[in-house]
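Visitor: here's a sequence, model it:
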Amino acid sequence: MVREWLRFFAIAALTLAFGAPAAAQSDTLASVKQKGKIVVGVKADYKPFGYTDPSGKIVGLEIDLANDVAKRMGVQIELVPVIAANRMEFLKQGRIDLMIATMAYKPDRAEVVGIPQPFYYAGAANVFAKKSSGLKAWADLKGKPICAIQGAYYNRRTGEEFGANLVVFKGVTEAMAALEAGNCVGTVFDTTYFAGIMSDPKWADYAMVLPSIDPEPWGVGVRKEDTKFAAYMSDVIKDWHKTGYILELEKKWGIPQSPFLVEQQAKNK
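Guide: Residues are numbered from 1 along each chain as shown. Prediction:
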């Protein structure tokens with residue numbers, strides 16, 4: 001009998017130790033306000049949406065969005081750098097409260113994390129290569145080494161349908177360094193990233209050489225079970241579109257105006 005009671009208390013202790021945090025995490029709004037701080041997962045290698053400036057500070061369009069969320073909630077902010085391969089896991093594990101990290105919407109991703117709508121931005125896939133590469137169509141990638149970023153949604157199509165030999169890296173910084181070093185013929189990635197670096201003299205001999213494909217909207221990420229925070233973020237995103245806030249941020253960061261944002265502003269007025 002004593003042994004059974006000891007077993008009961010041991011199970012109860014484990015439940016308190018591991019169950020309570022999970023329950024607390026399901027109400028991010030309450031948790032954030034109690035802590036006085038929101039932890040946001042952002043990119044630190046994706047100029048101009050999220051990158052590290054010369055002083056070591058993470059800046060960019062999405063960082064401005066994250067700061068706006070914190071301002072609306074009346075709390076401090078902590079930025080946590082993420083990459084495509086770990087951003088959803090960080091959210092599931094409770095290491096971040098919110099993710100604003102160039103995440104394209106995919107049904108399988110929506111099964112893992114909550115993706116409030118409307119979407120806040122949109123991108124597409126292209127290949128960044130030397131203008132002299134001779135690449136003109138996606139079929140031209142067959143058998144050629146193409147740098148790619150782990151977790152990017154267009155990798156499968158690039159490899160399986162177009163026959164590229166993908167050389168996969170954890171982050172875009174490593175992939176672009178490999179391209180510059182001549183280890184790949186081109187890098188397949190999002191058009192929004194390439195648009196942000198094309199003004200850099202270092203890439204003067206490079207361009208997006210193929211027709212863009214697979215246009216995909218971007219969504220913020222919240223924990224799957226946290227419907228209250230998802231509803232809150234939906235209202236925030238609607239307001240961003242209604243007021244033209246993200247359109248203004250595009251101007252600030254030197255990004256060509258997105259037709260998607262113009263359309264969303266009209267829808268949310």
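Visitor: do I have it right that residue 131 meets residue 207?
Guide: Yes - with contact defined as CB atoms under 8 Å, residue 131 counts as touching residue 207 (5.1 Å). All C-beta atoms are positioned from the backbone trio N, CA, C, and that covers glycine.
Visitor: so what touches whichever strand or helix holds residue 72?
Guide: Here residue 72 is covered by helix 61-73, with elements defined by DSSP states H and E. Residues from elsewhere that reach helix 61-73, judged by CB atoms under 8 Å, 6 or more residues apart in numbering: 29, 32-33, 38, 40, 42-43, 48-50, 76-77, 79, 98, 100-102, 120, 233, 236, 240, 245-246, 249-250, 252-253, 255.
Visitor: list of residues touching the next helix or strand after that helix?
Guide: Counting by DSSP H and E, the next helix or strand C-terminal to helix 61-73 is strand 76-81. Contacting residues not belonging to strand 76-81 are listed as 36-45, 58, 63, 66-67, 69-70, 90, 95-96 [CB under 8 Å, 6+ apart].
Visitor: ok, stretch 146-163 next?
Guide: With CB under 8 Å, 6+ apart as the contact definition, stretch 146-163 has outside contacts at 83-85, 104, 106, 125, 127, 138-139, 141-143, 164-172, 175-176, 178-179, 183-190, 213-214, 216.
Visitor: can you tell me the SS state at residue 175?
Guide: Following DSSP: H, G, I helix; E, B strand; the rest coil, residue 175 is assigned to helix.
Visitor: residues contacting it?
Guide: 147, 148, 149, 167, 169, 184, 187, 189.
Visitor: which residues in this protein form helices?
Guide: Secondary structure of the chain (DSSP state H): helices located at 2-25, 28-35, 61-73, 87-92, 107-110, 155-156, 172-180, 191-197, 227-243, 245-252, 259-267.
Visitor: ok now the last one, how far from the chain's centre?
Guide: Going back to what we said before, that points to helix 259-267. 20 Å (CA atoms, centre = their mean, to the nearest Å).
Visitor: if we can go back for a sec, please save the CA atoms from the helix holding residue 72 in PDB.
Guide: C-alpha atoms of helix 61-73 as PDB (Å, rounded to 0.1, in the frame of the first residue of the first chain):
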ATOM      1  CA  LEU A  61      11.300  44.700 -41.800                       C
ATOM      2  CA  GLU A  62      10.100  41.700 -39.700                       C
ATOM      3  CA  ILE A  63      12.000  43.000 -36.700                       C
ATOM      4  CA  ASP A  64       9.900  46.200 -37.000                       C
ATOM      5  CA  LEU A  65       6.800  44.000 -37.100                       C
ATOM      6  CA  ALA A  66       7.900  42.100 -34.000                       C
ATOM      7  CA  ASN A  67       8.600  45.400 -32.200                       C
ATOM      8  CA  ASP A  68       5.100  46.600 -33.200                       C
ATOM      9  CA  VAL A  69       3.500  43.500 -31.600                       C
ATOM     10  CA  ALA A  70       5.500  44.100 -28.400                       C
ATOM     11  CA  LYS A  71       4.400  47.800 -28.400                       C
ATOM     12  CA  ARG A  72       0.800  46.900 -28.800                       C
ATOM     13  CA  MET A  73       1.000  44.500 -25.900                       C
END
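Visitor: pLDDT on it, on average?
Guide: Average pLDDT, helix 61-73: 98.
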